[in-house]
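*Asks:* Got a sequence here, can you build the structure:
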Amino acid sequence: QVQLVESGGGLVQPGGSLRLSCAVSGVTFSRSIVRWYRQAPEKEREWVAAISGPPLKTTYADSVKVRFTISRDNVNNSVYLQMNNLKPEATAVYYCNAVVLGSGMHYWGKGTLVTVSS
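*Replies:* Residues are numbered from 1 along each chain as shown. The predicted model follows:
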């Protein structure tokens with residue numbers, strides 16, 4: 001059974017930082033591209049960042065470049081999203097998504113809520 005479990009969300013003040021985690025099980029993790037998405041209230045879900053590997057490759061939405069960093073741990077089957085200098089517009093539910101290369105199957109976690117507010 002495939003499971004993606006996000007954690008690390010919470011309330012943070014503008015300018016603060018959070019580190020989200022996504023624990024992946026039930027798939028060949030090293031052959032998976034893992035992406036973070038977010039969905040703000042009353043808005044559509046949007047892609048935030050992606051990581052593949054090996055070989056390691058990362059990509060980011062323009063809105064989060066420089067401030068967000070995605071990384072992966074192929075030993076612990078986890079992906080992380082380090083979010084720095086957070087802005088109120090980053091308030092959203094953040095979802096982890098995994099696609100195993102060649103399978104065409106997308107798997108989703110249930111999300112973790114990030115609230116940026118003073």
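*Asks:* From the centroid of this structure, which residue is nearest?
*Replies:* In the chain, the C-alpha nearest the mean C-alpha coordinate belongs to Trp36, at 2.9 Å (C-alpha atoms, centre = their mean).
*Asks:* any idea how far the spatially closest residue to that residue that is not a sequence neighbour lies from Ser103?
*Replies:* In space, and not counting its chain neighbours, Trp36 is closest to Val48: 4.3 Å by C-beta to C-beta, 6 or more residues apart in numbering. All C-beta atoms are positioned from the backbone trio N, CA, C, and that covers glycine. Val48 sits 22 Å away from Ser103, going by C-beta to C-beta, to the nearest Å.
*Asks:* Between those two, point out the one with more neighbours.
*Replies:* Val48 (22 against 12; other C-beta atoms under 10 Å).
*Asks:* per-residue pLDDT, that one?
*Replies:* Listed pLDDT for Val48 reads 98.
*Asks:* can you pull out the helices in the protein?
*Replies:* Taking DSSP state H, the chain contains no helices at all.
*Asks:* so who does Val114 touch?
*Replies:* Neighbour list for Val114: 9-10, 12, 18, 20, 38, 83, 86, 90-94 [criterion: C-beta atoms under 8 Å, 6 or more residues apart in numbering].
*Asks:* neighbour-wise, which of the residues you listed leads?
*Replies:* For those, neighbours tallied by other C-beta under 10 Å; top is Met83, 26 neighbours.
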